[in-house]
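>>> I'd like to go over a predicted model; first the sequence, then the structure.
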Amino acid sequence: MALAPVSAPLSTVDGFVKQFLQNLNFDIGVSLSASSRNDQYLALAGTVRDYLMARWLDDQRRQNDLQAKSVCYLSAEYLLGRQLDNNLLAARLTDIATDALAECGIRIDDLREMEVEPGLGNGGLGRLAACFVDSLATLGVPSIGYGIRYEYGIFRQTFVDGQQVEQPDAWLSLGSPWSFPHPEAAQQISFGGHTETYDDRGVTRSRWIPGWNVKAVPYNYMVPGYHNGRVNTLRLWRAVATDAFDLRIFNSGDYEEAVRAQTFAENISKVLYPEDSTPQGKELRLQQQYFFVAASIGDFLDNVLPGDFDLTNLPDRVIFQLNDTHPVIAVPELMRVLVDERGFEWDAAWAITQQCFAYTCHTLLPEALEVWSVDLLGRLLPRHLEIIYRINDDFLEEVRERFGDDELRIRNMSIIGEHPYRSVRMAYLATVAGAKVNGVAELHSQLLRDKVLHDFDEFFPEKFTNVTNGVTPRRFIRLANPTLAELITEALGAGWTVDLDRLRGLEAFAADPEFREKFAAVKAGNKRRLASVLHERDGLTVSDDHMLDVMVKRLHEYKRQMLKVLHIVTEYDKIVSGRATAADITPRTFIFGAKAAPGYAMAKRIIHLINAVGEVVNNDPLVEGRLKVLFPPNYNVTLAERVIPAADLSEQISLAGKEASGTGNMKFALNGALTVGTDDGANVEIRELVGDDNFFLFGMSEPEVEALWAKGYKPSDFYQSDDNLRSAMDLIASGAFSGGDRSVFEPILSNLLYDDRFMVLADYSSYIDAQARVDLAYADQDAWTRSAILNIARCGFFSSDRSIKDYIDRIWHTPPTL
Ligand code: 26Q
């Protein structure tokens, strides 16, 4: 007998109320009158899930029937943000849910606040993965996102005396209504031990005798497409101790040791490394990487492919997209499975593997290129190390064939580096193994080919391509900026949310005074909303009549928050020194949001300085009503959704050639902020699209940066020759922001004067000039508004839907299956 498929509850207010109360009573186990807000939130989430469930099950069945080629997106990070509103929106339930809860006497806004966002990522790379799974579902591409279900996500940041203090992010502690654990579908993952050779009918083969195992338990998350009835899966792995392992120790009578083993295993998925751009080479991190890719490959081969599948045809069924080098150990893992477990010849296995992977690089910083010491890798994954050596030998042999015994070239291209210690260069492994290698913005992809991977570009030029990043318009326009969304829909009709190029239609409206007025009202409303959020959250006050000048992103020297600080101090200094009066200055509120990696001392000092400058500026009657510095702690996706729609000015001021793409830059432009920025990353493409008149460009270009290094950069020359700069730096040095203590910020200043790797001082005067142009432009509010609208109209290109279509055309060749 065919069983009836599950059906969704009725899409009416009554249907919703019924399902909600049923969840509250039967799943949560409380009556409405006795329920806490958290109970109600959990029941609400459960109800939304119930509506999506039929679609989800249906999609899984359909994908199974179709056996179409799938994308497996392998990412160590997914910075998802809150789920409730996104899932309500996708399922068209927002209004129904709001009314239904009202009937139960509950304000849905109160429940929204209960959700702790899953912060399973550090910044751009993790957020990009979250945008991509949204677009994959919305476009109907057969795909699975694979990652790690960290028990603790990115730390919660607080400030104590202006300095960052990190707190654990126990995001699961009040329940996790969006995930479905499947312990029965666990994969066993092995580590350690040794390899041995054996005779296989006259052929000597190698095999792995592992030392220990853990279990990888999948937790499935729904990823609903927008208004298309599709629900994809995000599968995040949790590490738990294997029963066998436990049992053996239990039987030996050592209870404490058994518990220790359990803890040891579960450590693997315990915490997200809060490092961004500076890989540390820690063993646990390698364990995490192997843990999740081995589980994902195992899952795909065992559970997604049919039992009788001939793996020779694997490239017809899957492309594993490597989100940076973090999952690259998947390459030797697939080789191991094919050769050691499925009996493939090496060359056949390599031919398959090379078609099944593609690699996205997200950096240009040399120190961000991940390497693993051969020592560590050999201890943790001895068989994989052998496989990597063999891949390298074969590859270098090909290089020799092509270029002769050019030993320098061979050494430069070797997957194994020798200095300062013998190590595996993961980006090189990914490049050799991948069918395609892409950068994340035009400039970045070009610099990859010209610099970071230059020899590889000469060797296989056809591998290299670009896919410029994008952001999901569902979360970052529709949800984050509902009043703007309404205004756009009023002007252009619905449909732009899934076809962002339609925003072009707003160009015509930029010339319409009535539309401009409405847009200005939207912006003003968003500022008031932000003011109330910051007031409630942090006790901060935002004045309605200030320009909001915003810099939110991870704290890193290359992003140059210091340049922003020097601008603020310069403005302040002009007034306190009498070179300007407060009335000469455009009233501005500077908003920062930034977390520093806990071990990154210079970044933490800069956070301290920003807070210290804020403390002084905000309390000095001389600049009252003119300058204000706000630094709400714990910047995350939830806060981004409030800050970005309110911004007037978007700060994208990295040293040219350092920011691979940036994605915040896109979110701001799409919400009608103007950018002050360098010619870096995707800023280049934003400026090309919006036009020079609607973008404040400053600073050296990448070739100019190179030229200055070549000539010899002496930052102190800039200090000596620029009065404003010298005065601002002297003010900091004097202890004006540290209660007279000159030592506190001395390391920052001496670094700028004598090292300044990111050329803050060299770009200072150009930046100050650009800010003067900003002030001038802002003085004409109506013209500013027109520019803001043009920014939105011309940035439809930056939808992550477009990025995904580019991946499909250039790399994956996996058509949607709607
Ligand atoms: C690696 C090994 C060990 C510990 C940590 C890491 C690690 C973790 C995260 C290394 C790098 C990251 C994150 C990098 C990142 O977010 N890169 C950003 O990616 C964005 C999306 O492509 C770009 O827009 C940004 O320009 C880029 O900086």
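Great, that's in hand.

>>> what mean pLDDT does stretch 810-818 have?
Per-residue pLDDT values across stretch 810-818 average out to 92.

>>> residues touching the residue nearest to Ile606 when sequence neighbours are not counted, list them.
Distances taken as CB to CB, 6 or more residues apart in numbering put Gln561 closest to Ile606, at 5.6 Å, once the chain neighbours are dropped. Using the backbone N, CA and C atoms, a C-beta is placed for each residue, glycine as well. Shown here is Gln561, whose contacts under the criterion CB atoms under 8 Å, 6 or more residues apart in numbering are Met551, Leu555, Phe592, Ala594, Ile606, Ile610.

>>> What of Ser661?
For Ser661, the contacting residues are Gly124, His362, Gly439, Val440, Ala441, His444, Thr468, Asn469, Gly681, Ala682, by CB under 8 Å, 6+ apart.

>>> Let's verify it: helix, strand, or coil?
coil (DSSP: H, G, I helix; E, B strand; the rest coil).

>>> now swap in Leu364 and tell me
coil.

>>> about what we covered before: JSON lines for the contacts of Ser661, including secondary structure and neighbour count?
Listed next are the contacts of Ser661 as JSON lines, based on DSSP: H, G, I helix; E, B strand; the rest coil; neighbours: other CB atoms under 10 Å:
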{"residue": "Gly124", "secondary structure": "helix", "neighbour count": "24"}
{"residue": "His362", "secondary structure": "coil", "neighbour count": "20"}
{"residue": "Gly439", "secondary structure": "strand", "neighbour count": "28"}
{"residue": "Val440", "secondary structure": "coil", "neighbour count": "29"}
{"residue": "Ala441", "secondary structure": "coil", "neighbour count": "25"}
{"residue": "His444", "secondary structure": "helix", "neighbour count": "29"}
{"residue": "Thr468", "secondary structure": "coil", "neighbour count": "23"}
{"residue": "Asn469", "secondary structure": "coil", "neighbour count": "29"}
{"residue": "Gly681", "secondary structure": "coil", "neighbour count": "30"}
{"residue": "Ala682", "secondary structure": "coil", "neighbour count": "28"}
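
>>> Within reach of the ligand, which of the residues you listed are there?
When contact is defined as CB under 6 Å from any ligand atom, these meet the ligand at Gly124, His362, Val440, Asn469, Gly681.

>>> quick one, phi psi at Ala728?
The phi and psi torsions at Ala728 (degrees, to the nearest 10) take the values phi -70, psi -40.

>>> should've said Val304
phi -90, psi -40.

>>> With Asp549 instead?
phi -110, psi 110.

>>> In this structure it contacts Val643, no?
No: if you go by CB atoms under 8 Å, Asp549 and Val643 don't touch, sitting 11.5 Å apart.

>>> shared neighbours, the two?
Ile591.

>>> who touches whichever residue of the stretch 201-350 of the chain sits closest to the ligand in this structure?
Of all residues in the stretch 201-350 of the chain, Pro279 sits closest to the ligand, at 3.1 Å by CB to the nearest ligand atom. When contacts are counted by CB under 8 Å, 6+ apart, Pro279 is found next to Arg285, Ala368, Leu369, Glu370, Val371.

>>> Wait, the second one touches Thr325, no?
Going back to what we said before, that points to Ala368. No: counting by CB under 8 Å, Ala368 stays clear of Thr325, with 9.3 Å between them.

>>> And those two? Which one has more around it.
Thr325 (27 against 20; other CB atoms under 10 Å).

>>> Quick one: residues contacting that one.
Applying CB under 8 Å, 6+ apart, the residues near Thr325 are Tyr359, Cys361, Leu369, Glu370, Met426, Ala427, Leu429, Ala430.

>>> Give me the pLDDT for Phe245.
59.

>>> for Val498, same thing?
Reading off the model, Val498 has pLDDT 98.

>>> and the gap between Gly175 and the ligand?
28 Å (CB to the nearest ligand atom, to the nearest Å).

>>> part of a strand, is that residue?
No: applying three-state DSSP, one finds Gly175 to be coil, outside a strand.

>>> Now do it: how many residues are near it, please.
15.

>>> same deal with Tyr389?
Tyr389 is flanked by 16 other residues according to other CB under 10 Å.

>>> Quick one: residues contacting it.
Contacts of Tyr389 by CB under 8 Å, 6+ apart are Ile416.

>>> Which elements pack onto whatever helix or strand Tyr719 lives in?
Using DSSP states H and E, the element containing Tyr719 is helix 715-721. Applying 3 or more CB pairs under 8 Å, 6 or more residues apart in numbering; DSSP states H and E, one finds that helix 715-721 contacts helix 723-733, helix 746-754, helix 760-779.

>>> Can I get the contacts of Ser661 in CSV including pLDDT?
Below are those laid out as CSV (pLDDT from 0 to 100):
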residue, pLDDT
Gly124, 98
His362, 98
Gly439, 98
Val440, 98
Ala441, 98
His444, 98
Thr468, 99
Asn469, 98
Gly681, 98
Ala682, 99
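
>>> Write out the residues of the chain neighbouring the ligand.
Residues of the chain lying near the ligand (CB under 6 Å from any ligand atom): 122-125, 128, 273, 275-277, 279-280, 285, 326, 362-363, 368, 370, 440, 469, 659-663, 681.

>>> So which residues of the stretch 151-300 of the chain form strands?
156-160, 163-167, 179-181, 187-191, 194-200, 203-209, 212-224, 231-240 (DSSP state E, counting those that start in this stretch).

>>> what pairs with the longest one, and is each one parallel or antiparallel?
This means strand 212-224. Here strand 212-224 is paired, per DSSP bridges, with strand 179-181 (antiparallel), strand 187-191 (antiparallel), strand 231-240 (antiparallel).

>>> can you pull the buried residues of that strand?
Asn213, Val214, Lys215, Ala216, Val217, Pro218, Tyr219, Asn220, Tyr221, Met222, Val223, Pro224 (16 or more other CB atoms under 10 Å).

>>> Among those, pick out the one closest to Gln354, please.
Ala216 (25.8 Å; CB to CB).

>>> Can you tell me the closest non-neighbouring residue to the closest one?
Ala216's closest residue in space is Ala295 (CB to CB, 6+ apart), at 3.6 Å.
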